[in-house]
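Peer 1: predicted structure and sequence below. I'll ask about it afterward.
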Amino acid sequence: MKTILVPTDFTYGSNIATDYAAKLAARANADLYLMNTVQLPESLDTSAYRHYELLEDIVLNAERSYHQLLKKFSGQDVMINLILKTSSHTRELEKHIKLINPDLIILGISRFSLIRSI
C-alpha cells in the first residue's frame, strides 16, 4: 500500500478517521492525502463580495485545521498532503481517485457532509 486518501471535513468524527489513516500510513510507509472540499449552498442569497468573503473564511478554517493536524502528527513517519478545493464533494472525490489512484480510501467526512453532497 503506497497511497491513502481521506476525504475530511475536520469534524471530530473525521479526525478519528484521519488519526487511524495516519497510523496506518506510518506503518505501511504510505503517503496520506487529506481532501477537503468547500462548497457553498447554491441557494445562498448574498452579494458576490459576501460570497467570496464566506468562501475565504471557510478555506482559512480548513487550512488552520490542516496545520493543527500537521503539528499533531509531527515526529511520526508519515507524509501528509492536503487537497483543498472549492467545488462539489463528489466531483472532486472522483477526480482525485483517478489522479492519485489511492490504494485505500478512508471516509473521514461526517454523515451530514456526505448527505449534503448527495
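Peer 2: Everything's here; your move. Computed from a predicted structure; not experimentally measured.
Peer 1: quick check: Leu82 is in a helix.
Peer 2: No. Counting by DSSP: H, G, I helix; E, B strand; the rest coil, Leu82 falls outside a helix, being strand.
Peer 1: what's the closest non-adjacent residue to it?
Peer 2: Nearest-residue entry for Leu82: Tyr66, 4.8 Å, with adjacent residues in sequence omitted and distances by Cβ to Cβ, 6 or more residues apart in numbering. Using the backbone N, CA and C atoms, a C-beta is placed for each residue, glycine as well.
Peer 1: phi first, then psi, for the one you found.
Peer 2: When quoted as degrees, to the nearest 10, the phi and psi of Tyr66 stand at phi -60, psi -50.
Peer 1: from Asn101, how far off is it?
Peer 2: To Asn101, Tyr66 is 22 Å away according to Cβ to Cβ, to the nearest Å.
Peer 1: now Arg91
Peer 2: From Arg91 to Asn101 the distance is 17 Å (Cβ to Cβ).
Peer 1: those two: who's more crowded?
Peer 2: Arg91 (13 against 10; other Cβ atoms under 10 Å).
Peer 1: distance check, the more buried one against Ile97.
Peer 2: In terms of Cβ to Cβ, Arg91 sits 11 Å off from Ile97.
Peer 1: cool, Met35 as well?
Peer 2: In terms of Cβ to Cβ, Met35 sits 10 Å off from Ile97.
Peer 1: next: Ala22.
Peer 2: 20 Å.
Peer 1: comparing these two, which shows the higher neighbour count?
Peer 2: Taking neighbours as other Cβ under 10 Å, Ala22 and Ile97 compare with Ala22 leading, 21 against 14.
Peer 1: so who does that one touch?
Peer 2: Counting by Cβ atoms under 8 Å, 6 or more residues apart in numbering, Ala22 touches 32, 73, 76, 78, 80.
Peer 1: what about the third one, neighbour count?
Peer 2: Read that as Gln76. There are 11 residues near Gln76, going by other Cβ under 10 Å.
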